[in-house]
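Visitor: can't give you the sequence, but here's the structure:
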């Protein structure tokens, strides 16, 4: 149990896809019908496991847009599964992001947190793709930092850009995310307090790669985070 004064936090920032947005449902919602149409029957677990390997590989090296990254992921799927995709099918995964929906707890939790904290996004995404997602999240964020503006997590450079843009020291920031690999590990290395939004609930990690790191806190939903954060920020409790 972490011993932190919740009144010290001015900002809470979030990973978006996998934390606020149900990206696994989005990934599967695009890929499963496409694979089925090609006569390729693959389990959800296999698709998500492959995704967790392919995406970080495509994000390594010189920066490319997330659209290009996802096209590379689709090429990886084609190679692994022994099938082929058309150009439009390879780019369709990125285009489907605009329809990916928030988890049921996301919007209400964000609204509650926004009554006390300033809220930001740190996401491995293109600016225009996040703009489409923002409509589903319904609240105005005080700051959005995308991979297009920085680089791809888990680079610590992203978190340094975030701190520089916020103009605060790391003790004023709490970062909330589902991915140990992309978010919790680099944030902890930077001295930023982290809360793990455990979307796994006992299931093994799927679309997010695992990493050997412990978050400061764990919650199951954004609404749970809001209840705890607002209660402790009001009372000044140091206990989570």
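Guide: In hand now; what should we look at? Everything quoted here is computed from the prediction, not taken from an experiment.

Visitor: neighbouring contacts of the helix or strand of the chain with the lowest mean pLDDT?
Guide: Using mean pLDDT, DSSP states H and E, the weakest-scoring helix or strand in the chain turns out to be helix 222-235, at a mean of 90. Residues from elsewhere that reach helix 222-235, judged by C-beta atoms under 8 Å, 6 or more residues apart in numbering: 6-7, 9, 12, 20, 103, 105-106, 108-110, 112-113, 115-117, 174, 176, 195, 197, 219, 237-240. Every C-beta, even on glycine, is put in place using the N, C-alpha and C of the backbone.

Visitor: low-confidence regions, the chain specifically.
Guide: 1-4, 204-205, 235-240 (pLDDT under 70).

Visitor: how near is the residue in it sticking out farthest from the centre to residue 81?
Guide: The centre of the chain is farthest from one residue, residue 39, which by C-alpha atoms, centre = their mean lies 31.2 Å away. Here residue 39 is placed at a distance of 11 Å from residue 81 (C-beta to C-beta, to the nearest Å).

Visitor: same deal with residue 152?
Guide: Residue 152 is 25 Å from residue 81, by C-beta to C-beta.

Visitor: now do residue 234
Guide: Counting by C-beta to C-beta, the separation of residue 234 from residue 81 is 52 Å.

Visitor: repeat for residue 48
Guide: 14 Å.

Visitor: looking at those two, which is more packed in?
Guide: residue 48 (19 against 16; other C-beta atoms under 10 Å).

Visitor: so which bits of whichever helix or strand the more buried one is part of are buried?
Guide: Here residue 48 sits within helix 44-59, counting by DSSP states H and E. For helix 44-59, a neighbour-count test (16 or more other C-beta atoms under 10 Å) marks 47-52, 54-56, 58-59 as buried.

Visitor: just checking, next helix/strand downstream of that helix?
Guide: On the C-terminal side of helix 44-59, the nearest following helix or strand under DSSP H and E is helix 66-81.

Visitor: hey, where'd the helices end up in the chain?
Guide: Assigned by DSSP state H, the chain shows helices spanning 23-37, 44-59, 66-81, 87-96, 106-113, 127-137, 156-166, 185-189, 222-235.

Visitor: mind checking which of these is nearest residue 210?
Guide: Closest of those to residue 210 is helix 44-59, at 8.3 Å (criterion: C-beta to C-beta).

Visitor: residues in contact with that closest one?
Guide: Contacts of helix 44-59 (C-beta under 8 Å, 6+ apart): 24, 27-28, 31-32, 35, 64, 69-70, 72-73, 76-77, 80, 124, 147, 152, 181, 205-209.

Visitor: can you add distance to residue 16 and give the helices of the chain back as JSON lines?
Guide: Shown next, in JSON lines, are the helices of the chain (distance: least, C-beta to C-beta, whole Å):
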{"stretch": "helix 23-37", "distance to residue 16": "8"}
{"stretch": "helix 44-59", "distance to residue 16": "14"}
{"stretch": "helix 66-81", "distance to residue 16": "12"}
{"stretch": "helix 87-96", "distance to residue 16": "15"}
{"stretch": "helix 106-113", "distance to residue 16": "10"}
{"stretch": "helix 127-137", "distance to residue 16": "7"}
{"stretch": "helix 156-166", "distance to residue 16": "13"}
{"stretch": "helix 185-189", "distance to residue 16": "15"}
{"stretch": "helix 222-235", "distance to residue 16": "12"}
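
Visitor: of all these, which lies closest to residue 215?
Guide: helix 185-189 (7.6 Å).

Visitor: what helices or strands is the closest one leaning on?
Guide: With contacts taken as 3 or more C-beta pairs under 8 Å, 6 or more residues apart in numbering; DSSP states H and E, helix 185-189 sits against helix 156-166, strand 193-197.
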